[in-house]
Structures are given as structure tokens and as C-alpha cells.
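> Okay, structure incoming, though there's no sequence with it:
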């Protein structure tokens, strides 16, 4: 990919690369303020009302047209600026984790995407762009991006981008496909001392299933994982538990392997019911997340732009990093999901220690550098005739019946 067109402006104009940098600097204080505000008021899946409102207000101030509640998701939004034929999508995440706040850094993710959208808006007319900021709720739960895909929100998007907070900068990694169940066993209560034989123990059923899953792990294919929590299994120690509830997740290297592994895990739950006589209910929780497929050309462009900002970017090609609903987007259109790093004191994602560093100077720099690296990646895509044609052809191909 060449970037010559982005450094050779028409007479009397600012080069797009410099224009987006100027825009990030101009919005920098408000972007950092947005990140801090999201961090200070963490909201969990589909309850991100204040978070979505903050993002919408900032983009409306910048002249974006904002639609709220898109895809029948009350905390989803779409904000657009420009009218060019090349639609670039910036995915903004802003949901937090129950009990530990922004322990995955979505305050950084969301603010960086907003910053990239603001920066690209400054060059949208010059580069023939429509900038589309997509507010994607519930990444930590049901998978808002999958629901927005189904609702057609990404239909016109030629390429989708975001950065994800992390202890290091990296590009190229994949992610594990994931699916979740809400598990319920229904038994029969009885006095645990007077007549336990009259009961059907739902906790026993859950225990047998959990044990069977533990034994199954040795026979699972590489990269497949199963993990879960029991959320209820009786309320009085002297009463045979009538109900047991749990949530389990199954992960695998891709959706196809996920389906096969899930059938093995289902058999473990069925075994618990068969052995105890309890009734089993398996209810799908949210949507399956697909494995992440990062676009090679976009990855190369982003890595170059992040490197130009003085960041050391590690290639994680061939590795997997957790799971994300961005994987579903990446199976439909060219996408990137690099990580943007800062010092977290050694704390990993989904820990209180990670959340504690979400307003650090390093996190603030990650917001601004992430915004600029994404924006300059967008400039490079728009200015390269071959890449532009590739992306537009992809939109046209997806639109064919």
C-alpha cells in the first residue's frame, strides 16, 4: 500500500495525514475527558445509557448526525459525517464488567474510536469518505456487534476498525470463537435429614455435569476451553436443592470447532440430568462470537502508523487473544482489532488491577495514539487507489443477492 497521496496535498491544503493529527490534538482534552468519564461511571451490558449519551453528545457537538437505539439495542448508536462512497466504520466499545468496572479498558477503546472518527471527519470531503462511528454495547456479554450485523448496520461499511486496551501494542492476533449457555436443573425439594430420598437434587446434577466436563477436558482439541460459574444451587442447607443455575462458556479456535465441542459439553449436562432424574434446560446466552480474522493490508498500514508514533508494535500473527464479537464483523468485511498498550503494573485483563490503570498517563496516551493511528490507517486506505477499489468491490459483492 502506498501513502504518497496523503503526503502530497493539493496546493493550499493541509496533507490529510497532518489534518487528522491536528484534529486529534484539537479534540484531545475532550477525548481524554471522555475516557475518564466512562471509567468513572462504568455501566454493564445494555445498561450503558450514560456512556452512550456521552459519546453521542460529543459527536453531535462535532457535527455528526447521530441515531440512538439502532438495531433495537437501547444503548447502541450510529454517528455519521461525510457523504463519500467509501464508508469507514469505527467500532466504539463502552461496556464494563460487573463488579470490577473497566477492567478490560473499554473506556480507552471507545474514546480512541471516537477520536479516530473525529479526525477522519476533518478529511472526509477531501478523501471521499463517509465516517461511521458505531457504538457497540454488550461486548462483554451478549455481543452487540453480532446483533448490529444482523440488523444491517454494517451493510454499507467497507472496512471496520478499533483498538483494544492492553499491556502491550500488538497486531495480527486471532481470537477464540465462543458460545455461552445458561444452565438450569430442576429437581424436587425435600428435607435433607428427614426424607432426603424423596428429593431430586439439582445441585448433584450440576456437580456431576461439572465433573464430567473436567474429565472431558483431556479429550478436547487444542485451543478448546470450557469454563463456568454456578449462580444458585439451593438456599437452605437442610433442604435438597430444587433448582441449580449456572452459566458456562465454550471456546474453540473457530466456529466450526466450537459447534463440535459444544455437542460434547452438552452430553455432560445431559449426563447430570440422567443420573439424578433432574430436568435440564440449556438456554443460549447471547450470540456466538466468531474467531477474529484481521485484514493483512489494514494490519500493515496500522502497524506502520503506530510505529511512526514511536510505539513498539509486536506481531501476534498465529496467536489467539481471548474472544471478541469483532470476530463476527471480521468474517463479513475487512477489519482490524489491534491492541494499544500501556503500563498496567503487570495486571492482566479482567482484573481489578487493570481497571486501576485506566486513567493513567499511559492510558491517556493510548487514547490519543490509538485515535491517530486508526485515523491515519483510514487515510492510507482511502488514498490508495487499489485498496479503495478492493474495499468498494467488497461492499458491492456483499450486496449481491
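Arrived safely. Keep in mind the model is a prediction, meaning the values are calculated, not measured. Residues are numbered from 1 along each chain as shown.

> Spatially nearest residue to residue 49, not counting backbone neighbours?
Counting by C-beta to C-beta, 6 or more residues apart in numbering, residue 75 is the residue found nearest to residue 49 once chain neighbours are left out, at 5.9 Å. In this view, the C-beta of every residue, glycine as well, is placed from N, C-alpha and C.

> Next, that neighbour: secondary structure please.
Following DSSP: H, G, I helix; E, B strand; the rest coil, residue 75 is assigned to coil.

> before we move on, what about residue 223?
Reduced to three states by three-state DSSP, residue 223 is coil.

> was I right about it contacting residue 253?
Yes. Assessed by C-beta atoms under 8 Å, residue 223 is found in contact with residue 253 at 4.2 Å.

> which residues are in contact with both of these two?
Both residue 223 and residue 253 are contacted by 176, 320, under the criterion C-beta atoms under 8 Å, 6 or more residues apart in numbering.

> My guess is residue 94 contacts residue 52. True?
Yes. Contact criterion C-beta under 8 Å: residue 94 and residue 52 qualify, at 6.9 Å.

> hey, what's in contact with both of these two?
135, 137.

> Give me the more crowded residue out of the two.
Shown here are residue 94 and residue 52; by other C-beta atoms under 10 Å, residue 94 has more neighbours (30 against 24).

> so who does the more buried one touch?
Counting by C-beta under 8 Å, 6+ apart, residue 94 has contacts 38, 43, 48, 51, 52, 55, 106, 107, 109, 110, 135, 137.

> Can you give me the distance of the last one to residue 258?
Right, the one you point to is residue 137. 23 Å (C-beta to C-beta, to the nearest Å).

> Neighbour count for the two, which is higher?
Neighbours were counted for residue 137 and for residue 258 using other C-beta under 10 Å; residue 137 has more, 31 against 21.

> how far away is residue 149 from residue 45?
17 Å.

> Who has more neighbours out of these two?
When residue 149 is set against residue 45 and neighbours are counted by other C-beta under 10 Å, the residue ahead is residue 149, at 22 against 19.

> Look up phi and psi at the more buried one.
The phi/psi pair for residue 149 (degrees, to the nearest 10) reads phi -60, psi -50.

> How much space separates it from residue 302?
Taking C-beta to C-beta, one finds residue 149 at 22 Å from residue 302.

> now residue 392
Applying C-beta to C-beta to residue 392 and residue 302 gives a distance of 20 Å.

> go on, residue 312?
Counting by C-beta to C-beta - residue 312 and residue 302 are separated by 14 Å.

> Then residue 141?
The value you get for residue 141 to residue 302, if C-beta to C-beta is used, is 27 Å.

> out of those two, which sits in the more crowded spot?
Higher neighbour count among residue 141 and residue 302: residue 302, with 28 against 18, using other C-beta under 10 Å.

> ok, now how distant is the residue nearest to residue 222 when sequence neighbours are not counted from residue 220?
Closest residue in space to residue 222, ignoring its immediate chain neighbours: residue 253 at 7.6 Å, by C-beta to C-beta, 6+ apart. According to C-beta to C-beta, residue 253 and residue 220 sit 11 Å apart.

> And for residue 242?
In terms of C-beta to C-beta, residue 242 sits 32 Å off from residue 220.

> With residue 276 instead?
Distance from residue 276 to residue 220, by C-beta to C-beta: 24 Å.

> again with residue 298
33 Å.

> Same check on residue 122?
Applying C-beta to C-beta to residue 122 and residue 220 gives a distance of 50 Å.
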